[in-house]
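Enquirer: Give the three-dimensional model of this entry:
(one chain, ligands or ions: 1)
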Amino acid sequence: MQQYHRLSSQTAVVTGASQGIGRAIAEQLAKEGMRVFGLSRTAVQSDRIQWIPCDVAQEGSVQAAFAEVFRQTQRVDILVNNAGMGIAGAAEFTPDGDMQRQFQVNVFGAVRCTQAALPAMRRQGGGKILFISSLASVFPIAFQSFYSMSKAALDSFSTALGIECKPFGIQTGTLLLGDVNTGFTQSRKKGMAGDEVYRGRIGRSIEKMERDEQKGMRPEQVAGAACRLLSKRRLPTRRAVGAANGILFFLNRILPSRTVLWVLEKLYG
Ligand SMILES: NC(=O)c1ccc[n+]([C@@H]2O[C@H](COP(=O)([O-])OP(=O)(O)OC[C@H]3O[C@@H](n4cnc5c(N)ncnc54)[C@H](OP(=O)(O)O)[C@@H]3O)[C@@H](O)[C@H]2O)c1
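Expert: Here you go, the predicted structure:
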């Protein structure tokens, strides 16, 4: 039987809390009675969440945001590294600046926030860090190669960090999401360069991913799953959200890689 921790009276920091999944997670944690700080570049419109401006791609901005958190409270019990964006297009034609940006936000942004939260977690004798990842980390998506790489990097970081910090009582885990209907689809930076060379496959793949996302889960469903995981005594190392995604994640472990590759080619290739 699972043991659950009370989340109330703890402190959480959620990055990317101005909209979508981060906003829903922050709201849900606040409803559970937590004190919640929401970090993002645009303001978080909520009475329950305390907004602190932060661009996770800027080291100084992350340091200033966490200095403000620690000015107001001594603790960070939960950090949800959710802030993220996506780029799409052919790997061959992706400009250097776009690929750097993908990693600055999704990977190094999460690393910076983690580094800022760890000293307090160590001092207080524990904490939980949840990384919002994607099924793309285990099923790399054609024409979203840099996004898939960024989420795979997060998964590796979470696992290695969990081992490093276990003696301090700090737990890490990744939440693997499938399609979720949020503003992510509109915000994605789409690169159509080379579409003629690739015979229209870039455009068709991007259109399919956009359609799938718009038919995806609601962010509140993801928030419910995230809060259930965070309230467990032991944070699972990796968990897919939704029954169908859980089955996909399991199939990836047992099916021959040739079969998985065939499916990935059919879907997005
Ligand atoms: N939607 C999906 O289908 C899906 C699937 C799998 C995984 N995910 C992951 O879920 C997470 C949340 O995505 P979402 O769907 O909720 O997207 P969203 O609606 O576009 O929200 C993204 C959030 O990240 C914040 N953000 C982006 N760049 C930032 C930066 N440089 N500094 C600080 N905050 C930044 C945005 O806030 P500001 O713009 O105000 O800064 C916003 O609050 C992402 O990590 C994404 O990769 C999404």
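Enquirer: what about the nearest residue to Q10 once chain neighbours are set aside, neighbour count?
Expert: Sequence neighbours aside, D77 is the residue nearest to Q10 in space, at 3.8 Å (criterion: Cβ to Cβ, 6 or more residues apart in numbering). Where C-beta positions appear, they are placed from N, C-alpha and C, glycine not excepted. With neighbours defined by other Cβ atoms under 10 Å, the count for D77 comes to 22.
Enquirer: do the same with A153
Expert: A153: 18 surrounding residues under other Cβ under 10 Å.
Enquirer: and what of P53?
Expert: Residues contacting P53 under the criterion other Cβ under 10 Å number 14.
Enquirer: Number the residues from 41 up from this point.
Expert: New numbering, starting at 41: the last item is P93.
Enquirer: which residues touch it?
Expert: P93 makes contacts with 79-81, 83, 101, 105, as judged by Cβ atoms under 8 Å, 6 or more residues apart in numbering.
Enquirer: Buried by neighbour count, from these: which ones?
Expert: Of the members of the contacts of P93, the ones counted as buried by neighbours, 16 or more other Cβ atoms under 10 Å, are 79-80, 101, 105.
Enquirer: near the ligand, from these?
Expert: Counting by Cβ under 6 Å from any ligand atom, the subset of the buried ones among the contacts of P93 that neighbours the ligand consists of S80.
Enquirer: Pull the most distant pair out of the buried ones among the contacts of P93.
Expert: Set against one another by Cβ to Cβ, the buried ones among the contacts of P93 have their most distant pair in S80 and S101, with a gap of 10.9 Å.
Enquirer: okay, and the common contacts of these two?
Expert: Any residue near both S80 and S101 by Cβ under 8 Å, 6+ apart counts here, and that gives 93-94.
Enquirer: returning to that earlier point: the ligand: which of the buried ones among the contacts of P93 is nearest?
Expert: Looking at these and their distance to the ligand, the nearest is S80, at 3.6 Å (Cβ to the nearest ligand atom).
Enquirer: Is the closest residue to that closest one other than its chain neighbours in a helix, a strand, or coil?
Expert: For S80, the nearest residue in space outside its immediate sequence neighbours is S58; the separation is 3.8 Å by Cβ to Cβ, 6+ apart. Three-state assignment for S58 (DSSP: H, G, I helix; E, B strand; the rest coil): coil.
Enquirer: Please report how far S58 lies from the ligand.
Expert: 4 Å (Cβ to the nearest ligand atom, to the nearest Å).
Enquirer: check contacts around that residue.
Expert: Here S58 is in contact with 78, 80-85, 91 (criterion: Cβ under 8 Å, 6+ apart).
Enquirer: which pair in those spans the largest distance?
Expert: Across the contacts of S58, no pair lies farther apart than R81 and Q85, at 13.7 Å, counting by Cβ to Cβ.
Enquirer: what does the protein put close to the ligand?
Expert: Residues of the chain found near the ligand, taking Cβ under 6 Å from any ligand atom as the criterion, are 55-62, 80-82, 94-97, 122-125, 145, 172, 174, 217, 219-220, 222-224, 227, 253, 256.
Enquirer: quick one: which of these sit in helices?
Expert: Taking DSSP state H, the ones among those that sit in helices are 60-62, 224, 227, 253.
Enquirer: Make sure T51 is actually in contact with R115.
Expert: Yes. Counting by Cβ atoms under 8 Å, a contact exists between T51 and R115, whose distance comes to 4.9 Å.
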